[in-house]
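Q: Predicted model and sequence below, questions to follow.
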Amino acid sequence: MNKIYYLASCDTCRKIIKSLPQNHNLKFHDIKQDPITAEELEEMYQLSGSYEALFSKKAQLYKSMDLKNKSLTEADFKKYILEHYTFLSRPVFIIDGKIYIGNTQQNMLQVMKALSNV
């Protein structure tokens, strides 16, 4: 099942979702309304190889908790992502067993290409 993990209140996520091809066949998962589970995070970890890759250092909480001045381990990244949705870098797409994390232009081009092949 191809999925997108996103935040409905995020303008960037909404813009990306609007730009998706009509026949995308994605399962939508709003991480605020329906927090990600440890199993879902584990699947993302298996595909990405790192909890840090899934972690958003742009999150307001990252700054307010002064996490940038702490040495975070993979276990810390996992814990923070499970504790609060804002720590997941968004959006996260899982398409045909591959993961695409974040909203960089290059990443979104790869997502669009992957979705056009589905």
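A: Received it, and whenever you're ready, just let me know what you need. Numbers count the residues shown, from 1 in each chain.
Q: Could you tell me how far the residue positioned nearest the centre of the chain is located from Ser64?
A: Nearest to the mean C-alpha position of the chain, by Cα atoms, centre = their mean, lies Val92 at 3.0 Å. Counting by Cβ to Cβ, to the nearest Å, the gap between Val92 and Ser64 amounts to 23 Å. Yep, even glycine has a C-beta here, placed from its N, CA and C like the rest.
Q: now swap in Lys27 and tell me
A: For Lys27, the distance to Ser64 - Cβ to Cβ - is 32 Å.
Q: Same check on Ile17?
A: From Ile17 over to Ser64 (counting by Cβ to Cβ), the distance is 28 Å.
Q: Look at those two and report which has more neighbours.
A: Ile17 (16 against 8; other Cβ atoms under 10 Å).
Q: so that one is in which element?
A: With secondary structure defined by DSSP states H and E, Ile17 is part of helix 11-19.
Q: so what's Ser19 up against?
A: Met108, Met112 (Cβ atoms under 8 Å, 6 or more residues apart in numbering).
Q: same thing but 10 Å
A: Taking Cβ atoms under 10 Å, 6 or more residues apart in numbering as the contact definition, Ser19 lies against Met108, Val111, Met112.
Q: Surely the last one is within a helix?
A: Yes: when classified by DSSP: H, G, I helix; E, B strand; the rest coil, Met112 is found to be part of a helix.
Q: My read is that it contacts His24, right?
A: Yes: the pair Met112 / His24 is scored as a contact, 9.4 Å apart, by Cβ atoms under 10 Å.
Q: neighbour-wise, which of the two wins?
A: His24 (18 against 15).
Q: before we move on, the earlier item: the residue nearest to the centre of the chain contacts Asn2, correct?
A: No: checked against Cβ under 10 Å, the pair Val92 and Asn2 is beyond contact range at 11.7 Å.
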